[in-house]
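Asks: Next one to model:
(one chain, ligands or ions: 1)
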Amino acid sequence: MIPFVNIQGQRKAYREELEKAEKAVLDSGIYIGGPEVAALEAELSAYTGTNAVTCASGTDALTIALTALGVQPGDEVVVPDFTFIAPAECVARLGATPVFADIDPRTLQISPESVETLIGPLTRGIIAVDLFGQCAPYGKLREIAQRHGLWLLEDSAQAFGAMQGSKHACTLGDMAITSFYPSKPLGCYGDGGAIFTANKELAQKVRMLANHGSEERYLHKVVGTNSRLDALQAAVLRVKLTHLNAELESRRKIAERYNHFFANIEGFTPQQVADGNTSTYAQYTLLADNREEFIAKLDRAGIPHCIHYPMPLHRQPCFAGTASQHAGENVADMVSKKAISLPMCAFTSIEEIIGKLQEVV
Ligand SMILES: Cc1ncc(COP(=O)(O)O)c(C=O)c1O
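Replies: Numbering: from 1, shown residues only. Below is the predicted model:
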């Protein structure tokens with residue numbers, strides 16, 4: 001059976017390196033923090049060119065970053081309407097209100113024009129998501145944030161390793177976060193995440209928040225939390241990081257192959273990668289005019305698929321009654337009815353999939 005993400009194929013390819021690194025941690029007696037986590041943070045910082053602080057998940061990374069940025073109950077934060085729920089959820093968990101910005105119908109990224117219309121006296125910041133692996137339009141978003149005195153947080157859970165011009169993902173806002181969830185382009189074998197910022201003071205604050213509000217043992221300057229990446233996950237990530245660029249290259253070739261296939265078939269529009277962006281293709285997502293029919297064909301061919309995402313956030317029951325419901329249908333509504341993602345990772349047998357697609361589409 002074709003896997004949607006071939007994590008086992010990846011493990012097989014790096015088995016020797018992974019097992020050596022895993023055994024070294026298990027034999028070391030140091031399972032939380034320690035040299036593996038410190039080394040990973042140094043390597044993530046060197047890769048991106050900014051300061052990286054690891055934590056227990058991408059969701060924790062968002063909550064910690066928002067806390068460090070000073071989000072308070074009653075604040076409003078603009079988030080994209082079409083994405084995984086985490087950014088909106090973390091805003092709401094802090095007692096603030098997520099305000100949902102519409103998206104661009106081609107790149108599927110947050111629309112700066114929509115963001116601009118939502119800014120009011122309670123707005124404190126903007127969370128942009130690097131959806132499906134390409135960076136959001138940061139040039140315009142930064143300009144809007146500066147003009148209105150707002151902070152900009154880059155949710156790069158799906159895009160560690162992507163570029164925008166000469167800049168790395170995770171360096172494009174005042175702060176950024178990523179996720180090391182197993183199926184992410186850089187994933188570990190459990191939950192994990194990281195926060196990035198060029199601002200040394202914010203980096204220090206984030207480190208303190210993730211460690212019970214403490215810099216010095218048993219002295220707690222602020223109310224923090226326990227959000228740590230364990231040493232075993234750090235060791236796995238250090239091995240995978242050495243292969244990341246080669247994997248991203250393979251993912252791009254697979255995406256080109258899909259693009260080439262769908263270019264000649266009516267009714268399919270792959271997510272467009274904006275000029276100047278490279279994508280990690282965390283998902284290969286396209287819009288299918290007749291999604292139900294396409295799904296039936298994929299099922300017949302034995303090709304796995306996922307819907308990212310079946311509902312815009314403003315329609316989620318948990319946000320019913322918040323201020324930012326849209327009147328009528330927006331682009332996010334249209335996209336959530338057509339979006340479908342196909343198998344994607346560096347170990348995807350793309351020719352096998354194209355062969356099966358040719359039989360049914
Ligand atoms: C855009 C986005 N933000 C945040 C997260 C949360 O990351 P995690 O699952 O590591 O908590 C995800 C996870 O899928 C995501 O896709």
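Asks: pretty sure Ser214 contacts Val223?
Replies: No. Using C-beta atoms under 8 Å, Ser214 is not in contact with Val223; the gap is 10.5 Å. Every residue, glycine included, has its C-beta placed from N, CA and C.
Asks: Between the two, which is the more surrounded one?
Replies: Each of Ser214 and Val223 has its neighbours counted (other C-beta atoms under 10 Å); Ser214 has more, 16 against 9.
Asks: Can you tell me, leaving aside adjacent residues, what's nearest to that one?
Replies: Of all residues not flanking Ser214 in the chain, His220 sits nearest, at 5.0 Å (C-beta to C-beta, 6 or more residues apart in numbering).
Asks: what residues are up against that neighbour?
Replies: Contact analysis of His220 by C-beta atoms under 8 Å, 6 or more residues apart in numbering lists His212, Gly213, Ser214.
Asks: if we go to 10 Å?
Replies: Contacts for His220 were tallied using C-beta atoms under 10 Å, 6 or more residues apart in numbering; they are Met208, Asn211, His212, Gly213, Ser214.
Asks: Among these, name the buried ones.
Replies: Using 16 or more other C-beta atoms under 10 Å as the burial test, these include Met208, Asn211, His212, Ser214 as buried.
Asks: Asn277 and Phe132, how far apart?
Replies: For Asn277, the distance to Phe132 equals 11 Å [C-beta to C-beta, to the nearest Å].
Asks: cool, and Val361?
Replies: Distance from Val361 to Phe132, by C-beta to C-beta: 21 Å.
Asks: So between the two, which is more surrounded?
Replies: When neighbours are counted by other C-beta under 10 Å, Val361 and Phe132 differ, and Phe132 comes out ahead with 24 against 17.
Asks: returning to that earlier point: any chance you could list residues touching both of Asn277 and Phe132?
Replies: Thr107, Gln109, Ala159.
Asks: Not including adjacent chain positions, what is the nearest residue to the last one?
Replies: Looking back up the chat, that one is Ala159. Computed as C-beta to C-beta, 6+ apart, the closest residue to Ala159 that is not its neighbour in sequence is Asp130, at 3.5 Å.
Asks: Next, the one you found: phi, psi?
Replies: The phi/psi pair for Asp130 (degrees, to the nearest 10) reads phi -80, psi 80.
Asks: can you count the residues close to it?
Replies: Neighbour count for Asp130, taken as other C-beta under 10 Å: 30.
Asks: Touching, His148 and Thr123? I think so.
Replies: Yes. Between His148 and Thr123 there is a contact under C-beta atoms under 10 Å: 7.0 Å.
Asks: Looking at these two, which one has more neighbours?
Replies: Taking neighbours as other C-beta under 10 Å, His148 and Thr123 compare with Thr123 leading, 19 against 15.
Asks: so what's the more buried one bridging to?
Replies: Under the criterion DSSP bridges, Thr123 forms beta bridges with Glu76.
Asks: pull the CA atoms of stretch 92-112 into PDB?
Replies: Output of stretch 92-112 as PDB, limited to C-alpha atoms (Å, rounded to 0.1, in the frame of the first residue of the first chain):
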ATOM      1  CA  ALA A  92      -8.100  32.000  22.200                       C
ATOM      2  CA  ARG A  93      -6.500  30.000  25.000                       C
ATOM      3  CA  LEU A  94      -4.800  33.200  26.100                       C
ATOM      4  CA  GLY A  95      -8.200  34.900  26.300                       C
ATOM      5  CA  ALA A  96      -7.600  36.900  23.200                       C
ATOM      6  CA  THR A  97      -9.800  36.900  20.000                       C
ATOM      7  CA  PRO A  98      -8.700  35.400  16.700                       C
ATOM      8  CA  VAL A  99      -9.800  37.500  13.800                       C
ATOM      9  CA  PHE A 100      -9.900  35.500  10.600                       C
ATOM     10  CA  ALA A 101      -8.300  36.900   7.400                       C
ATOM     11  CA  ASP A 102      -9.200  35.600   4.000                       C
ATOM     12  CA  ILE A 103      -6.700  34.000   1.700                       C
ATOM     13  CA  ASP A 104      -5.300  34.300  -1.800                       C
ATOM     14  CA  PRO A 105      -7.100  31.900  -4.100                       C
ATOM     15  CA  ARG A 106      -3.900  30.900  -6.000                       C
ATOM     16  CA  THR A 107      -1.100  30.700  -3.300                       C
ATOM     17  CA  LEU A 108      -3.700  29.900  -0.600                       C
ATOM     18  CA  GLN A 109      -1.700  32.100   1.800                       C
ATOM     19  CA  ILE A 110      -3.100  34.800   4.000                       C
ATOM     20  CA  SER A 111      -4.200  37.900   2.000                       C
ATOM     21  CA  PRO A 112      -2.500  41.100   3.100                       C
END
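Asks: which parts of that stretch are buried?
Replies: Across stretch 92-112, burial judged by 16+ other C-beta under 10 Å covers 92, 96-104, 107-112.
Asks: what do you get for stretch 129-140?
Replies: Val129, Asp130, Leu131, Phe132, Gly133, Gln134, Cys135, Ala136, Pro137, Tyr138.
Asks: Including distance to the ligand and pLDDT, could those go into a markdown table?
Replies: Formatted as a markdown table, those follow (distance: C-beta to the nearest ligand atom, whole Å; pLDDT from 0 to 100):
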| residue | distance to the ligand | pLDDT |
| --- | --- | --- |
| Val129 | 5 | 98 |
| Asp130 | 8 | 98 |
| Leu131 | 7 | 98 |
| Phe132 | 9 | 98 |
| Gly133 | 10 | 98 |
| Gln134 | 12 | 98 |
| Cys135 | 12 | 98 |
| Ala136 | 11 | 98 |
| Pro137 | 16 | 98 |
| Tyr138 | 15 | 98 |
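Asks: Tell me which of those fall in strands.
Replies: Per DSSP state E, strands hold the following members of the buried residues of stretch 129-140: Val129.
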